[in-house]
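Trainee: no FASTA, just this:
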């Protein structure tokens, strides 16, 4: 409990030169630039959302009301995410006087926007994969909406609390904790049935990335600073800023490049975390518009059917006799996803599921031609088949040949193209929420990172090294489709450079950050579990 008590203790100001607080006020020009982007983005979102909903021809207004409320909460999570993670991207560039705060914040917001827009969605669906399969398949049910509301509100509350205390907490860590809480609560509520809880195998991979990234940030940043001192004997690099004087041009260019890169890669990774949840909201409320990728054309549908035909022939060759009852086949494959117990019956049921999908898609030139309810059913069948094949690929049963594995992967990829997609307007909405959150709430976390981690002022080399390590780590995580924490990487990187430089660390701040890091997972899990139980009763 001593660590918890330290969370609320004020940290004495650092006796070094820091940027004047008057420079921390955003200018009208900065807000004007972002205002233009905001107006344009809102117009783009409005036009595309209206077009999608008009095409779905929703008879009742209730789904639209639920959609509006859920989208506001999901975007509020991204808005608060901007308070934390995006603020870290501007800390080093501000505290080395490389950019004025107002310009740095606008630049960071724009780079986040670009990063989000080019993101592939792999991180988004890595987050979704943590959710109980029952709730994903029944996202439009009472339990499904309770899940989405509970985990998002829990994440928002914890992020706001740590931000108010000026603690750099991880939005990724918080969201994963919230998902774990919902999964455990769902399993406890349905202990008498085969309802699933947390996908612990996927959770382990995500948590490993979140736990290892601060260690990488601290150690690699410290080593890189020591190496740079050996290789680059340029004294100005290792000096603290003098008053408000900007650094020499080469140093300044490096710092601006750091801010740009960290912001861009933050958008491409962290910006995705809310996207998968937004997609679940859209699928649950307006399946006729979002259950399947309406951007896919006749060629995509035909490619899926061709891959499906090859998949059926492979299963037939392995004597996977189709199960007569389609409902029983779906239940068998779903159970395999839950417990990972592979049996010959699994292949037989999968053969039935794939055959049923073929029958529903034959003769269709686009997924949008299917009726709304059928689209939801088809998506669920695709999701179950895809996840089962993903699991089979991991286990690699010996009876499949190398060519057959290629065919399995090809079919699964075709299924993913139909279901794992992110509409452009969702990316724009998330990017705007992140950018706006950065401009509104960046100061508290930036001051902590810039002033309170080390005993001495941040030097140019320390800021550059911490930024480079953060940028490289996030880039690597994107390649593996894993969520990582910009907050943890950058703040630990700053701490690593302070330790390597012999500057000394402010241990009270380090303890506070560490305590927040330790308590984030259990606190957000407990909060989301309680909210899930409450919402199950209310909805």
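Mentor: Received the coordinates, thanks. All values derive from a computational prediction rather than experimental measurement.

Trainee: which stretches of the stretch 201-350 of the chain have low pLDDT?
Mentor: Scanning the stretch 201-350 of the chain for pLDDT under 70 picks out 202, 206, 319-324.

Trainee: mind listing the strands for it?
Mentor: Here the stretch 201-350 of the chain has no strands by DSSP state E, counting those that start in this stretch.

Trainee: Show the residue spans covered by the helices in it.
Mentor: In the stretch 201-350 of the chain, the helices defined using DSSP state H, counting those that start in this stretch lie at 249-269, 273-285, 287-290, 298-317, 326-339, 344-361.

Trainee: May I see those organised as TSV, with distance to residue 484 added?
Mentor: C-beta: built from backbone N, CA, C; applies to glycine. Shown next, in TSV, are the helices of the stretch 201-350 of the chain (distance: least, Cβ to Cβ, whole Å):
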stretch	distance to residue 484
helix 249-269	6
helix 273-285	11
helix 287-290	28
helix 298-317	32
helix 326-339	26
helix 344-361	34
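
Trainee: Adding distance to residue 516 and mean neighbour count, write the ones you listed out as a markdown table.
Mentor: Formatted as a markdown table, the helices of the stretch 201-350 of the chain follow (distance: least, Cβ to Cβ, whole Å; neighbours: other Cβ atoms under 10 Å):
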| stretch | distance to residue 516 | mean neighbour count |
| --- | --- | --- |
| helix 249-269 | 19 | 22 |
| helix 273-285 | 18 | 25 |
| helix 287-290 | 36 | 24 |
| helix 298-317 | 45 | 16 |
| helix 326-339 | 34 | 18 |
| helix 344-361 | 43 | 19 |
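
Trainee: Which one of those lies nearest to residue 53?
Mentor: helix 287-290 (6.3 Å; Cβ to Cβ).

Trainee: For that closest one, name the packing helices and strands.
Mentor: Where contact means 3 or more Cβ pairs under 8 Å, 6 or more residues apart in numbering; DSSP states H and E, helix 287-290 is packed against helix 28-56, helix 273-285, helix 372-395.

Trainee: how about 6 Å then?
Mentor: The helices and strands touching helix 287-290, judged by 3 or more Cβ pairs under 6 Å, 6 or more residues apart in numbering; DSSP states H and E, are helix 28-56, helix 372-395.

Trainee: Which positions within whichever strand or helix holds residue 116 qualify as buried?
Mentor: Per DSSP states H and E, residue 116 falls inside helix 101-117. Neighbour-count burial for helix 101-117 flags 101-113, 115-117 (criterion: 16 or more other Cβ atoms under 10 Å).

Trainee: Over to stretch 371-391?
Mentor: 374-391.

Trainee: ok, residues contacting it?
Mentor: Residues outside stretch 371-391 that contact it (Cβ atoms under 6 Å, 6 or more residues apart in numbering) are 137, 287-288, 291-292, 333-334, 336-337, 350, 353, 357, 360, 408, 412, 415, 418-419.

Trainee: So what's the gap between it and the chain middle?
Mentor: 22 Å (Cα atoms, centre = their mean, to the nearest Å).

Trainee: next one: stretch 129-139
Mentor: 17 Å.

Trainee: Could you do stretch 390-398 as well?
Mentor: For stretch 390-398, the distance to the chain centre is 26 Å (Cα atoms, centre = their mean).

Trainee: ok, now stretch 247-266?
Mentor: Centre to centre, stretch against its chain (Cα atoms, centre = their mean), the figure for stretch 247-266 is 24 Å.

Trainee: swap in stretch 159-167?
Mentor: Using Cα atoms, centre = their mean, the offset of stretch 159-167 from its chain centre is 20 Å.

Trainee: now do stretch 412-425
Mentor: 16 Å.

Trainee: what packs against the helix or strand hosting residue 150?
Mentor: If you go by DSSP H and E, residue 150 is part of helix 142-164. Where contact means 3+ Cβ pairs under 6 Å, 6+ apart, helix 142-164 is packed against helix 62-81, helix 133-137, helix 171-189, helix 507-538.

Trainee: Residues in contact with that helix: which ones?
Mentor: 73-74, 76-77, 80, 83, 135, 138, 169, 171, 174-175, 178-179, 182, 281, 284, 444, 516, 524, 527-528, 531-532, 535-536, 539.

Trainee: and of the buried residues of helix 101-117, the nearest to residue 460?
Mentor: Using Cβ to Cβ, residue 104 is the member of the buried residues of helix 101-117 that lies nearest residue 460, at 15.1 Å.

Trainee: Distance check, the closest one against residue 359.
Mentor: 56 Å (Cβ to Cβ, to the nearest Å).
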